[in-house]
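[1] test case, fold it:
(chains A and B)
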Amino acid sequence: KNQVEQSPQSLIILEGKNCTLQCNYTVSPFSNLRWYKQDTGRGPVSLTIMTFSENTKSNGRYTATLDADTKQSSLHITASQLSDSASYICVVSPSYSGGYQKVTFGTGTKLQVIP
Amino acid sequence: GAGVSQTPSNKVTEKGKYVELRCDPISGHTALYWYRQSLGQGPEFLIYFQGTGAADDSGLPNDRFFAVRPEGSVSTLKIQRTERGDSAVYLCASSFSSGGASNEQFFGPGTRLTVL
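    Predicted coordinates:
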């Protein structure tokens, strides 16, 4: 069964500090992994996408890494801001075989940045 | 911008009532998805449309749930005889096509359904 597990479940950090969120998956065969940011009361918004051959990708203060061998990904947030407070969801897609590419969502990490 | 929109944003209903939730996808997106998200959880897949047809409805929890997309654009999720356990945020997403590494699902803001 395809699964995506995220840790920690929740995290509180001081504004300006860095943090790293983890995602482990068992989805196989693997196509791509996305990190989404979900603000309270809103739908998820994609931050990064990584395919099998990519090890790291940055989007501003967000840097995602991927180790396809160990099936692990991380999302590193640098110099956190209050607006980073949100849930971060890891989403993994299986290889596209011409049919429907059903994704698997993690349960998310709820990040709170405090002043 | 013309993102995915969902109406209503909030819906409070009584147990046993019928509700309809609407999703307007991004224009030109052929794929449309419905998800259900409970507090503190990731989205749970309900149903996927490719055009007008429901290509995968394996996530619908029971026959009280039904969804349509008659013209391949707007979709309606219908819940009959609502139960308190149906309370959740219902998210809709659309994408240009159903597969491919570059294919991104764009989410609407969701409809928060509360069944009293």
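
[2] residue of chain A closest to chain B, please.
    Residue of chain A nearest chain B, by CB to the nearest CB: A:Gly43 (3.1 Å). Backbone N, C-alpha and C define where each C-beta goes, glycine included.

[3] ok, what's across the strand from the closest residue to that residue other than its chain neighbours?
    Closest residue to A:Gly43 apart from its sequence neighbours, by CB to CB, 6 or more residues apart in numbering or on different chains: B:Phe107 at 3.1 Å. When assigned by DSSP bridges, B:Phe107 has beta-bridge partners B:Ala93.

[4] and the residue of chain A closest to chain B, how many neighbours?
    Number of residues near A:Gly43 (other CB atoms under 10 Å in any protein chain shown) recorded here: 23.

[5] also B:Phe66?
    Other residues close to B:Phe66 by other CB under 10 Å number 15.

[6] could you measure from the residue nearest to A:Gly43 over to B:Val19?
    20 Å (CB to CB, to the nearest Å).

[7] of these two, which one has the most company?
    Taking neighbours as other CB under 10 Å, B:Phe107 and B:Val19 compare with B:Phe107 leading, 23 against 18.

[8] tell me the residues of chain B that contact chain A?
    Chain B comes close to chain A at residues B:4, B:35, B:40-45, B:48, B:50, B:55-56, B:91, B:93, B:98-105, B:107-110, B:112, as judged by CB under 8 Å from any CB of the partner chain.
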